[in-house]
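1. Kindly generate the corresponding structure for this input.
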Amino acid sequence: MPFSILQSRRALTMTFALALAGCSQPLDFDLRGNFGNAPSTAEAAQNASAERPSPDNRGIISYPGYQVAVARRGDTVSSVASRIGVDAATLAQFNGVTPGDSLREGEVLALPGRVAEPVGGPLQPAGAVDVTALAGNAINDAQLGGTGTQQLTNLQSGVEPVRHRVARGETAFTIARRYDVSVRSLAEWNGLDSEFSVREGQYLLIPVALPQTSNASVQTTSLAPQAPGQGSPTPTPPSASQPLPEEETVPAAQPVESNAAPDLGAGTTASTSEARMIFPVTGDIIREYSKGRNDGIDIAAPPGTPVKAADSGTVAAITTDTYGIPIIVVKHADNLLTVYSNVGNVAVEKGDTVRRGGKLAEIRRDGTAAVHFEVREGFDSVDPLPYLN
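-> This next block holds a predicted model:
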């Protein structure tokens with residue numbers, strides 16, 4: 001390469017780097033925002049997306065509405081079809097490829113029909129982890145002397161993403177702009193190459209945005225400004241020429257004879273400490289139990305508040321939801337289970353024996369400052385309040 005060309009390329013690279021360093025706005029990768037009124041992808045590129053759920057040992061990610069297969073290093077369409085037990089030609093035709101085509105590691109293939117579900121079934125909506133299956137797998141595995149790792153890792157929750165089929169003329173950039181996501185997240189979710197190549201007829205999973213902390217529950221009452229003196233009666237100012245009227249002061253109450261304090265102990269009911277369980281935290285119940293809708297109660301408490309064991313028992317399982325938020329299951333006597341979710345800083349491990357009131361975790365310091373608490377008789381959820389009062 002001639003020296004002058006090499007110098008020119010180095011100068012161009014340095015100029016581009018300096019331009020990026022001095023730019024106060026986010027980079028618009030396809031530069032559409034620099035021409036006329038064309039839409040910019042800069043805002044979409046900043047939108048944070050959740051990570052794609054992990055596939056099972058076959059490479060299957062199962063959603064309620066559809067399933068996809070994730071390719072491994074060295075896979076072809078035929079090898080994926082053989083591993084998951086479907087016809088290679090049908091799988092290839094459905095995805096606009098041929099059976100012998102090589103696949104990139106992480107590339108996603110849409111399945112034309114459902115195959116056997118992973119352990120725990122399809123992904124559940126966020127916050128609706130199948131605790132019945134979670135606790136059952138953990139307890140059964142513990143009785144067999146196992147670790148419960150495989151069962152727990154397959155129990156995930158999350159939002160079912162939109163599945164987009166690429167039309168003729170579409171690119172990864174136009175699709176990313178259409179759904180207001182970054183093209184990099186789109187590539188990571190679908191295993192696209194470094195050039196973000198897509199093909200006509202290809203199915204793409206649209207990345208799911210990370211959950212945002214809602215400020216709707218925190219309301220500030222603002223009052224309209226008023227002129228001085230408005231909104232309250234103005235007293236008559238004292239006069240220097242007229243004395244204040246004489247007032248007869250009347251005692252607020254007449255003195256009463258003192259009586260001996262009554263014995264209140266004889267008429268009180270049993271204290272809450274004698275209840276079957278104690279509240280995991282002290283606070284207001286912000287969401288009540290509703291069978292099939294909310295299988296427990298949500299109790300608000302300041303961030304960092306210790307979350308305590310409702311009764312003595314054994315930690316049967318510790319796992320996380322699809323956003324990495326811990327879930328703790330404790331097994332008690334009489335075939336009872338308690339579940340604690342939306343917590344952080346877990347202080348116990350699976351198999352630990354915990355005492356009534358012992359610390360399990362803390363209220364999270366980000367997100368909703370509340371613990372979700374469930375009581376289960378066997379695997380059936382019940383209203384926790386009768387156990388707590």
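
2. mind listing what the residue nearest to Gly313 when sequence neighbours are not counted touches?
-> Sequence neighbours aside, His332 is the residue nearest to Gly313 in space, at 3.9 Å (criterion: Cβ to Cβ, 6 or more residues apart in numbering). Where you see a C-beta, it was placed from the backbone N, CA and C, and this is true even at glycine. Residues in contact with His332 (Cβ atoms under 8 Å, 6 or more residues apart in numbering) are Asp311, Ser312, Gly313, Thr338.

3. what's the neighbour count on Arg276?
-> 15 (other Cβ atoms under 10 Å).

4. helix, strand or coil for the residue lying closest to it once chain neighbours are set aside?
-> Nearest residue to Arg276, sequence neighbours excluded (Cβ to Cβ, 6+ apart): Tyr387, at 4.5 Å. On the three-state scheme (DSSP: H, G, I helix; E, B strand; the rest coil), Tyr387 is labelled helix.

5. From what I see, Tyr387 and Val375 are in contact.
-> Yes: Tyr387 is within contact range of Val375, at 5.4 Å (criterion: Cβ atoms under 8 Å).

6. what residues do these two have in common as contacts?
-> With Cβ under 8 Å, 6+ apart, Tyr387 and Val375 have common neighbours Met277, Ala310.

7. if you average pLDDT over stretch 54-65, what comes out?
-> Average pLDDT, stretch 54-65: 89.

8. In PDB, list the C-alpha atoms belonging to it.
-> Presented in PDB, the C-alpha positions along stretch 54-65 are these (Å, rounded to 0.1, in the frame of the first residue of the first chain):
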ATOM      1  CA  SER A  54     -31.500 -19.100  28.100                       C
ATOM      2  CA  PRO A  55     -32.500 -22.200  26.000                       C
ATOM      3  CA  ASP A  56     -32.800 -25.700  27.500                       C
ATOM      4  CA  ASN A  57     -30.300 -28.400  26.800                       C
ATOM      5  CA  ARG A  58     -31.800 -29.000  23.300                       C
ATOM      6  CA  GLY A  59     -31.500 -25.300  22.500                       C
ATOM      7  CA  ILE A  60     -35.300 -24.700  22.800                       C
ATOM      8  CA  ILE A  61     -36.800 -21.400  24.200                       C
ATOM      9  CA  SER A  62     -40.500 -22.000  24.700                       C
ATOM     10  CA  TYR A  63     -43.000 -19.200  24.900                       C
ATOM     11  CA  PRO A  64     -46.800 -19.600  25.300                       C
ATOM     12  CA  GLY A  65     -47.400 -18.600  21.700                       C
END
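
9. circling back to that earlier point, only the buried subset of the contacts of His332, as a PyMOL command please.
-> Typed into PyMOL, the line below selects the buried ones among those, using 16 or more other Cβ atoms under 10 Å:
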select buried, resi 311+313+338
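
10. if we can go back for a sec, please report the distance of the residue nearest to Arg276 from Thr338.
-> 9 Å (Cβ to Cβ, to the nearest Å).
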